[in-house]
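**Student:** Structure for the following, please:
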Amino acid sequence: MSGLSHVAIKALSKLASNHSPLCALLFLLCCSATTVSGAFPQSTYEIEDLTIADSDGTTASVTKTKSAASNGAYFFYKSNAIGEFVTFPIPISAAGTYSLDVQHHLSKYRGTFQVDVADTLTGPYTQTVTMNTTVASGSSFPTLTMPATFASSGTKYLRFTANGSNPGTGSERMGLDKVDVTQAGGGGGGSGFSNSSAQLQVSQSGTTFDLYRKTFTPGPITLGGNLATGANGATANYIVIVVEQ
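**Tutor:** Modelled structure (predicted):
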């Protein structure tokens, strides 16, 4: 071991046993060759699997299958006019700034739409981003990236509103595939983690892990995979040490 000794680990264990579980101090051990930016936490939601929280009430929706879609399916919203919308709930684990990456279906039978977020179902809906690309032929699933800031954790709402017609077909219909929710952050340990300057070395392989730390309030903690978006040079899994405080 280098930097983080057996004594230090025992001290952390003793510290945990002497405190009630009001919050958790989480230590993240990443291979020192790995650089992660904004990869923790990340959650992927298949839009066709989400429950509709609200809509304009006049539009039919259906799940359509397509091999190029995430998990082979996407949510089809049969918008017939500009202004028609559909809203989905998404859980946010902690306050902060996030990147919402919306994968959608692009074809000549799809119009354009805007995406808005809100803390409550009734709004106000803000932080708008617009998908304003249409095609005359072909089919693909590009990603629209939207930054969003939430002042608190909990259920938030993602609203898709038809805002333009495909000039070739006149369609305002939307094809919504999935949304990746990634908390923004920087540095080696991902969102909100700070480098403790300690390291742990595995004697068998000679691999060195840098130790990052972050304190969490009570509630679920979600960590992305070691190859999540933003990872660079990852070759192995990471190790997590949890200390109750």
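**Student:** Secondary structure element holding the residue lying closest to Leu211 once chain neighbours are set aside?
**Tutor:** Closest residue to Leu211 in three dimensions, ignoring its sequence neighbours and counting by Cβ to Cβ, 6 or more residues apart in numbering: Ala198, at 4.3 Å. Heads up, the C-betas are built off the backbone N, CA and C, glycines and all. Element membership for Ala198 (DSSP states H and E) is strand 194-201.
**Student:** Okay, now the unreliable bits of the chain?
**Tutor:** Along the chain, segments meeting pLDDT under 70 span 1-42, 184-197, 202-210, 216-238, 245.
**Student:** and Met79, that one's in a strand?
**Tutor:** Quick fix: residue 79 is Ser, not Met. No: Ser79 is assigned coil when assessed by DSSP: H, G, I helix; E, B strand; the rest coil, not a strand.
**Student:** I'd guessed the residue nearest to Leu211 sits against Ile241; true?
**Tutor:** No: if you go by Cβ atoms under 8 Å, Ala198 and Ile241 don't touch, sitting 11.0 Å apart.
**Student:** before we move on, the earlier item: what count of nearby residues applies to the residue nearest to Leu211?
**Tutor:** Number of residues near Ala198 (other Cβ atoms under 10 Å) recorded here: 18.
**Student:** Number the residues from 57 up from this point.
**Tutor:** Sure, I'll start counting at 57 from here, so that last one is Ala254.
**Student:** could you measure it against Ser163, distance?
**Tutor:** Per Cβ to Cβ, to the nearest Å, Ala254 is found 52 Å from Ser163.
**Student:** Check Leu106 too.
**Tutor:** 22 Å.
**Student:** the helices in this protein, which residues?
**Tutor:** For the chain, the helices defined by DSSP state H occupy 62-73.
**Student:** Could you pull up the residues touching Pro180?
**Tutor:** Ala174 (Cβ atoms under 8 Å, 6 or more residues apart in numbering).
**Student:** same thing but 6 Å
**Tutor:** Listed by Cβ atoms under 6 Å, 6 or more residues apart in numbering, the contact set of Pro180 is empty.
**Student:** likewise Pro198?
**Tutor:** Taking Cβ under 6 Å, 6+ apart, one finds Leu162 in contact with Pro198.
**Student:** Quickly list what Asp157 is bridged to.
**Tutor:** Counting by DSSP bridges, Asp157 is bridged to Thr201, Asp236.
**Student:** Any idea how many residues pack against Pro145?
**Tutor:** 16.
**Student:** surely it meets Thr211?
**Tutor:** Yes: using Cβ atoms under 6 Å, Pro145 is in contact with Thr211, at 5.0 Å.
**Student:** what number of residues lie near the residue lying closest to Asp110 once chain neighbours are set aside?
**Tutor:** Counting by Cβ to Cβ, 6+ apart, Thr143 is the residue found nearest to Asp110 once chain neighbours are left out, at 4.1 Å. Around Thr143 there are 21 other residues, counting by other Cβ under 10 Å.
**Student:** now do the one 5 residues further on
**Tutor:** Here the number of neighbours of Ile148 (other Cβ under 10 Å) works out to 20.
**Student:** Sweet, I'm off.
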